[in-house]
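In: Here's a sequence, model it:
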Amino acid sequence: MLTVKFRRMPTPQGKKPALPQHATGGSAGADLHANIDEPVTLEPMARAVVPTGLAIELPDAGYGAFVFARSGLGIRHGLTLSNGVGVIDSDYRGEISVGLVNLSDTAYTIQPGERIAQLCILPVVQFTAAEAEELTQTARGSGGFGSTGR
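Out: From the prediction side, this is the model:
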């Protein structure tokens, strides 16, 4: 198991955030919590950047940290990430914040300490781009966006 260092930063009122934890032994993502002193209400179609109070130190450039939406918030309340997936580079040491958007027609209030997203640490491969006049042909070719059926 990989050990990852986190720095906890308190809110203005001094509340320290919870360290990320996997909810079950089989959980891929670890919960990130809203490190806020007061509730934040997101009106329909509104966005907010919610601090987690955490900074991360990834071991090296072979790892990235990725922030994903919590399925329950998305399915039940329309709350999802405003940028799709948050990508945290191995050399970033600032606070992890979560951009949220309310896609529902009902306001949603984020409570202090509420689980707002999940964090996954994944291996990444850095690459060098090489221009090519042609690419190797495949059976699929350039078909996309539903070209393989339903």
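In: For the closest residue to residue 23 other than its chain neighbours, grab the count of nearby residues.
Out: Once flanking residues are discounted, residue 23 sits nearest to residue 31: 6.3 Å by CB to CB, 6 or more residues apart in numbering. Every residue, glycine included, has its C-beta placed from N, CA and C. Neighbour count for residue 31, taken as other CB atoms under 10 Å: 18.
In: and residue 31, what is it in contact with?
Out: 18, 20, 21, 22, 23, 70, 115, 117, 118, 119 (CB atoms under 8 Å, 6 or more residues apart in numbering).
In: What of residue 42?
Out: Contact analysis of residue 42 by CB under 8 Å, 6+ apart lists 48, 79, 100, 101, 102, 107, 108, 109, 110.
In: cool, residue 38 as well?
Out: Contacts of residue 38 (CB under 8 Å, 6+ apart): residue 112.
In: SS state for residue 116?
Out: strand (DSSP: H, G, I helix; E, B strand; the rest coil).
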